[in-house]
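Peer 1: how does the following fold in three dimensions:
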Amino acid sequence: MPQSRPVPSPAVPGIAHNRGLLSAAALPTVALLAGVLAAGCSGTHDPGASRTPSGRPAAHAASLPPSSPADSPAASSSGRTTATACNQPPPASVPGAAGALTEAESGTYCLAVGQQLDVFLTAPGGRRPGATRWTPITTSAPHVLPPRSSGILTAPVGVTPGIFQAIGPGAAELTSNVPGTDRAWHVTVLVR
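Peer 2: Here you go, the predicted structure:
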């Protein structure tokens, strides 16, 4: 019986196939390249990384949708598409979050599906025990931006925390207020 010779692959130039299978010599190279690609895609935050004019890390800003009304249609929770400007949330201090908001932020913010947003509202009376606190933060669209538990987060005294996970495209309103006062907090989050 004649010995079969490796035949160049028409799909991948330079890689020889033996009876339709990738040669054994090429498998370690493919595995190594797959590992390098996976490691490169799972990079962590580098405090020294380049930043955009707004002060946010350039890689973070590039991973989120644009915020120009002309080129950023946003799906509402009703499924209709509208052009709406939005901001990237300020950087988070908690690992794993795309951004963090406080009672000082308002307006419209963008998240990509799969990203987490942290919210920390500090009581107007500060962190002293007994200070009137913000009510729990609520979402208008739990099918778009539901609350989630970190499993380990314990808020400091006087701080009302909220962790939200973007699970589908749409718009969600996050709200809270301080009982007995006219203080209210409200932001819109567009998930794309």
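
Peer 1: buried set for stretch 157-172?
Peer 2: Buried residues in stretch 157-172, defined by neighbour count with 16 or more other Cβ atoms under 10 Å: 158-167, 169-172. C-betas here are computed from N, CA, C, even on glycine.

Peer 1: I misspoke; the intended subject was stretch 115-135.
Peer 2: The neighbour-count criterion (16+ other Cβ under 10 Å) identifies Gln115, Gln116, Leu117, Asp118, Val119, Phe120, Leu121, Thr122, Ala123, Arg133, Trp134 as the buried residues of stretch 115-135.

Peer 1: if I look at the first one, what pLDDT would I see?
Peer 2: Gln115 carries a pLDDT value of 97.

Peer 1: now do the last one
Peer 2: On pLDDT, Trp134 comes in at 95.

Peer 1: one more: Val7?
Peer 2: The score at Val7 is 51. That number is its pLDDT.

Peer 1: just use 14 as the starting number from now, easier for me
Peer 2: Shifting the count to begin at 14 puts that one at Val20.

Peer 1: pick out the most distant pair among the buried residues of stretch 170-185.
Peer 2: Gly171 and Pro182 (34.8 Å; Cβ to Cβ).

Peer 1: how about the buried residues of stretch 170-185 in CSV, adding distance to Asn100?
Peer 2: Putting these into CSV (distance: Cβ to Cβ, whole Å) gives the following:
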residue, distance to Asn100
Gly171, 26
Val172, 23
Thr173, 22
Pro174, 21
Gly175, 18
Ile176, 19
Phe177, 16
Gln178, 19
Ala179, 15
Ile180, 21
Pro182, 18
Gly183, 18
Ala184, 14
Ala185, 15
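
Peer 1: which one of those residues sits closest to Thr201?
Peer 2: Minimum separation from Thr201 among the buried residues of stretch 170-185 (Cβ to Cβ) is found for Ala184, which lies at 6.1 Å.

Peer 1: could you say which helix or strand holds that closest one?
Peer 2: Under the assignment given by DSSP states H and E, the secondary-structure element containing Ala184 is strand 183-190.

Peer 1: avg pLDDT for that strand?
Peer 2: For strand 183-190, the mean confidence score works out to 98.

Peer 1: neighbouring contacts of that strand?
Peer 2: Contacts of strand 183-190 with the rest of the structure, by Cβ atoms under 8 Å, 6 or more residues apart in numbering, involve 87-90, 92, 114, 132, 134, 147-154, 156-158, 173, 175, 177, 196-204.

Peer 1: I appreciate the help and will end here.
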